[in-house]
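In: Any chance you could fold what I've pasted below:
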Amino acid sequence: MTAAEEEAAAPPEAAESEAVAAEAEGKMEEAVEGEGEKEEAAAEYSWPQLRFDHPPRRLYHFARQFRSAASGGGGGENFLKGVKWSPDGSSFLTSSDDNSLRLFYLPEDAYGGSEHIAEAAVGGEDSYGAYLQVNEGEPVYDFCWYPYMSMSDPATCVFASTSRDHPIHLWDATTGELRCTYRAYDAMDEITAALSVSFNSTGAKLFAGYNKAIRVFDVHRPGRDFEQYSLSKGGEGPHGIISSISFSPYNGMLAVGSYGQTTAVYAESNMEPLYVLHGQLGGVTQVLFSKDGNYLYTGGRKDPYILCWDIRNTVDIVYKLYRSADATNQRIYFDIEPCGRHLATGGQDGLVHLYDLQGGQWVTAFQAAADTVNGFSFHPYLPFAVTSSGHRRFGMEDEFEQDLNLAGVMRTAVLSGCFLRRKKLEETTSNPER
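Out: A predicted model of the protein is given here:
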């Protein structure tokens, strides 16, 4: 071994060892300081907390642009049937009885806070017009956003819709053009329409509900290729039309509701039935998992209660949440705020009720419209919510009732003020988790 090799193989001298140790200690201190800064940054930012000590303000109002004769005939006025925020929060999508879907973008000034925005007057001009409108040939049964939609990636800016006697359509949310269709055929080789649609959690599959069946389409392979699962095998599954589909965010399960007053929970991987839930007084119109995936909420038509189920123990109903819906066949949507602590639902009395999901306690209510509030959706991260209202009316004889019809039907409003507030504004000791 040469001298150079021996020197390289020999351990470092004391001075060199101290230098190496000092350098290592310095790096460790920098790492500790970096972690401390991250912890401080995390401590400064926290999930928004909810406050309901004052009613919300109406920031934007839309009504006049919906006032066109409904294509269903019979002299009925057009009315809204639902509204949903996009996953990235940049826009919301409405469905109305004129067989149209309208997309509204949130104005740039809304991102800077709502304090400087004047409250929108009811009965006046619309705050602004829809960015785009897509028209279906028949009444729209259901619609949903692609779960990873983001304006920064135009390829993801799509939403799906299904309507009577038509295949499922995938629409471009930036141009309004039809991207592709997903077609299901019956035994007579005729197109059969889906009654409900929903993307799975990964966005790779599109699940569609039919009469006693679920058909699953590969999002990247439009056309007539699909997997079909019959839900009535053995007589234990849901009977009738599958009206709503919801995916658990964590445990690989999906829930389907049917107009046969039953809700069933399946394993998404193989559609193996896990639970069948009974207790809804009317046909199930919406199913929705909690943010942690442990609870399932179901609502029905002509049923004044939203039922809460613990999917870890489905023997009994956990609690019931009241809403005014016992005299309407409409689908009345409800939604859970981003933190998962509260649920809000509309009703035929024009009120929006809010509940604490930790125990099902009623928190507050506010008057959102003079008509049936059939849609409610929380913004994904801003202190906003959007509502839609209206229902079908015929033969209004009284002039006052006719004025109420024009004032209450076909209304969409963006609300702000009582929903999301930063935790630093007030000290709170409540735990948002169950």
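In: Spatially, what comes nearest to residue 245 if we skip its sequence neighbours?
Out: residue 198 (4.0 Å; CB to CB, 6 or more residues apart in numbering). From N, CA and C alone the C-beta is placed, and that goes for glycine too.
In: Quick one: the helices in the stretch 1-150 of the chain, in order.
Out: Using DSSP state H, counting those that start in this stretch, the helices assigned to the stretch 1-150 of the chain run over residues 3-9, 14-44.
In: Mean pLDDT lowest where, among these?
Out: Looking over the helices of the stretch 1-150 of the chain, mean pLDDT reaches its minimum on helix 3-9, with a mean of 40.
In: that older thread, in a strand, that's where the residue nearest to residue 245 is, yeah?
Out: Yes: applying DSSP: H, G, I helix; E, B strand; the rest coil, one finds residue 198 inside a strand.
In: and it, what pLDDT?
Out: For residue 198, the model assigns a pLDDT of 98.
In: Show the contacting residues for it.
Out: 144, 206, 207, 245, 246, 247 (CB atoms under 8 Å, 6 or more residues apart in numbering).
In: Just put these in CSV and tack on neighbour count and distance to residue 380.
Out: As requested, these are exported to CSV (neighbours: other CB atoms under 10 Å; distance: CB to CB, whole Å):
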residue, neighbour count, distance to residue 380
144, 18, 15
206, 23, 21
207, 26, 22
245, 25, 20
246, 22, 17
247, 22, 16
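In: Okay, and which of those map to strands?
Out: 144, 206, 207, 245, 246, 247 (DSSP state E).
In: among those, which two are most distant?
Out: The widest separation within the ones in strands among the contacts of residue 198, taken as CB to CB, falls between 206 and 246 and amounts to 14.2 Å.
In: Low-confidence stretches in this structure?
Out: The model of the chain has pLDDT under 70 over residues 1-50, 68-76, 114, 234-235, 394-411, 416-434.
In: Quickly find the element holding residue 344.
Out: When elements are assigned from DSSP states H and E, residue 344 belongs to strand 342-345.
In: so what does that strand touch, helix or strand wise?
Out: strand 334-336, strand 351-356, strand 373-378 (3 or more CB pairs under 8 Å, 6 or more residues apart in numbering; DSSP states H and E).
In: Please report the separation between the first and final residues of stretch 140-153.
Out: Taking CA to CA, to the nearest Å as the measure, stretch 140-153 stretches 27 Å from start to finish.
In: in terms of contact, does residue 122 touch residue 62 like I think?
Out: No: Residue 122 is not in contact with residue 62 according to CB atoms under 8 Å; the separation is 11.1 Å.
In: In terms of packing, which of those two has more residues around it?
Out: A direct count of neighbours by other CB atoms under 10 Å for residue 122 and residue 62 places residue 62 higher, at 25 against 14.
In: who touches that one in this structure?
Out: 104, 126, 127, 130, 411, 412, 413.
In: Thank you, goodbye.
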